[in-house]
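Trainee: No letters, just coordinates:
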DNA sequence: TTATTTTGTTAGAATAATCTAACATTGTAG
DNA sequence: CTACAATGTTAGATTATTCTAACAAAATAA
């Protein structure tokens, strides 16, 4: 049995993992707002349970079992977010904190029903892919808007670091998933982009914003 | 701040309270499946927090503050049950365990939205009243079917001790809230009732069952 | 009313999850 | 290459929740 606390550590490891699947104790500590010694001791515990590979002073890595369990928590989180937006009428900026709690409900029935009522969605309201019932994640590859060039016309397909503040900012600018953006020019000084979209002929997006918008060209 | 564990104690106290609002340590211990010494120490803690009146060897009683907090947990539980049945398509026998977990979600927004989507229901799927946002419970007075007499025609309005097994039994007998039952006779020997309802001209309900069915005459 | 059963409390220990303080290792900047 | 900074670990303490064993009070039955 995986405790609620352990679920949170697994999820954080899953979300922080780089290409190599590695995470530092320090990063994890910051992400969870839990002090490093606590993280170290929890890693030893998760290693006992064969959920994490742990060696002193080495980066952390989920085992296959750990990855699966983590993905199942992420699945519950993302399905919940989707349900809150699609079926209950919450805004995409309101759902993270609620899903953070509902994700710990232990009832396959409950999440299967949500999945079914939503028509088995592949993406959550922020464009992140929803792992399947076996913990498999169909990874979609997006580009950061910040890596695109002047003249490109792209579609906003996902957002990262989905803080409520950032999402409210996007709401104010009338940017949502699906918004088509044309890059008119890029300011070399601060890498801000002058763009046009919707009924806005010209608008400037800071580099920070452009780094958090994931886009597709199709 | 009231912990999840404390919420469970408060809810159990609320549900077990007799007319005088009193509950024994032993009863509470059985209800929660937690040993008596643990219950005693938790009662001392809740007394510190002014949620419970506690004196050695005396029955337990919620304070006004405790009653309110308990009612708010019960509110979340019953709203959740109603939502699961009305909006998600679960059967009334499936919802208790899920609601038992969802009730601990801390988000006024979430439960307000559920309330609104349901149209501010007054009763849960088992006929129990839903406390309002201030923890006030509009108590409805029902009679036990077991207290009725031969010849009475009554409507099933609520069920108590809503175990999944009991509710499945009612499903099999096609008894649900609203079912009109005519009492044809009462067997003095075991107090079972011969009744008719729906398309069943005659059916026998044991005393145990009749004790758990709450009815109205209207 | 005395003996027995039931109920309730105290004392002490265990587990899970967290912290701070001190120490150790690794990485980096002169 | 050394010294400082950043990262990570160990040791020991704390809080919340639970338990068992032993004792105490209250209720009940003979």
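Mentor: Everything's here; your move. It should be emphasised that the depicted structure is a prediction, and the values quoted were computed from it without experimental measurement.

Trainee: can you tell me which residues contact residue A:143?
Mentor: A:154, A:214-217 (Cβ atoms under 8 Å, 6 or more residues apart in numbering or on different chains). Any C-beta I mention is one placed from the backbone N, CA and C, and that applies to glycine too.

Trainee: An error on my part: the question was meant for residue A:96.
Mentor: Per Cβ under 8 Å, 6+ apart, neighbours of residue A:96: A:81, A:162, A:164.

Trainee: What distance do you get for residue A:149 to DNA strand D?
Mentor: For residue A:149, the distance to DNA strand D (Cβ to the nearest atom of the strand, to the nearest Å) stands at 33 Å.

Trainee: wait, residue A:13
Mentor: On the measure of Cβ to the nearest atom of the strand, residue A:13 and DNA strand D end up 13 Å apart.

Trainee: Next one: that residue, what pLDDT does it get?
Mentor: Note on residue A:13: pLDDT of 98.

Trainee: looking at it, it is touching residue A:24, isn't it?
Mentor: No. Here residue A:13 does not reach residue A:24: they are 10.7 Å apart, not a contact under Cβ atoms under 8 Å.

Trainee: list residues touching both of the two?
Mentor: residue A:60.

Trainee: Who has more neighbours out of the two?
Mentor: Neighbour totals were compared for residue A:13 and residue A:24, and residue A:13 leads with 26 against 15 (other Cβ atoms under 10 Å in any protein chain shown).

Trainee: quick one on the thing from earlier: narrow the contacts of residue A:96 to those that are buried.
Mentor: Neighbour counting by 16 or more other Cβ atoms under 10 Å in any protein chain shown classes A:81, A:162 among the contacts of residue A:96 as buried.

Trainee: tell me which of the contacts of residue A:96 is nearest to residue B:8?
Mentor: Among those, residue A:81 lies closest to residue B:8 (Cβ to Cβ), at 26.9 Å.

Trainee: Can you name every helix or strand that the longest helix along chain A contacts?
Mentor: Ordering each helix of chain A by length in residues (DSSP state H) puts helix A:64-86 first. Under the contact criterion of 3 or more Cβ pairs under 8 Å, 6 or more residues apart in numbering or on different chains; DSSP states H and E, helix A:64-86 touches helix A:4-16, helix A:95-102, helix A:108-117.

Trainee: and that helix, does that touch DNA strand C?
Mentor: No. Using Cβ under 7 Å from any atom of the strand, helix A:64-86 never reaches DNA strand C; the gap is at least 13.8 Å.

Trainee: Identify the residue spatially nearest to residue A:22, adjacent ones excluded.
Mentor: Using Cβ to Cβ, 6 or more residues apart in numbering or on different chains and skipping the chain neighbours, the partner closest in space to residue A:22 is residue A:59 (3.8 Å).

Trainee: Break chain A down into its structural domains.
Mentor: Chain A breaks down into these domains under automatic domain parsing: A:4-62, A:70-140, A:143-216.

Trainee: What is the end-to-end distance of the shortest one?
Mentor: Terminal residues of domain A:4-62 lie 17 Å apart, using Cα to Cα, to the nearest Å.

Trainee: right, is it up against DNA strand C?
Mentor: Yes. Using Cβ under 7 Å from any atom of the strand, domain A:4-62 comes into contact with DNA strand C via A:4-6, A:33-35, A:37-38, A:41-42, A:45, A:57.

Trainee: Please pick the buried ones from these.
Mentor: A:6, A:34, A:42, A:45.

Trainee: of the residues you listed, closest to residue A:209?
Mentor: For those, the nearest to residue A:209 is residue A:34 (29.4 Å; Cβ to Cβ).

Trainee: Relative to chain B, how far out is the closest one?
Mentor: 18 Å (Cβ to the nearest Cβ, to the nearest Å).

Trainee: what about the helices in chain A?
Mentor: Going by DSSP H, chain A shows helices at A:4-16, A:25-32, A:36-48, A:64-86, A:95-102, A:108-117, A:164-172, A:207-212.

Trainee: mind putting the ones you listed in JSON lines, distance to residue B:20 included?
Mentor: Shown next, in JSON lines, are those (distance: least, Cβ to Cβ, whole Å):
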{"stretch": "helix A:4-16", "distance to residue B:20": "37"}
{"stretch": "helix A:25-32", "distance to residue B:20": "46"}
{"stretch": "helix A:36-48", "distance to residue B:20": "46"}
{"stretch": "helix A:64-86", "distance to residue B:20": "42"}
{"stretch": "helix A:95-102", "distance to residue B:20": "36"}
{"stretch": "helix A:108-117", "distance to residue B:20": "38"}
{"stretch": "helix A:164-172", "distance to residue B:20": "47"}
{"stretch": "helix A:207-212", "distance to residue B:20": "59"}
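
Trainee: most tightly surrounded among these?
Mentor: Stretch with highest mean neighbour count among those: helix A:64-86 (a mean of 22; mean count of other Cβ atoms under 10 Å in any protein chain shown).

Trainee: relative to helix A:108-117, how tilted is that one?
Mentor: With axes from the mean of the first three to the mean of the last three Cα atoms, to 10 degrees defining the directions, helix A:64-86 sits at 50 degrees from helix A:108-117.

Trainee: quick check: angle from helix A:64-86 to helix A:36-48?
Mentor: Using the same axes, to 10 degrees, one finds that helix A:64-86 and helix A:36-48 are set 110 degrees apart in direction.

Trainee: Look up how far residue A:126 lies from residue A:93.
Mentor: Between residue A:93 and residue A:126 the computed distance is 10 Å (Cβ to Cβ, to the nearest Å).
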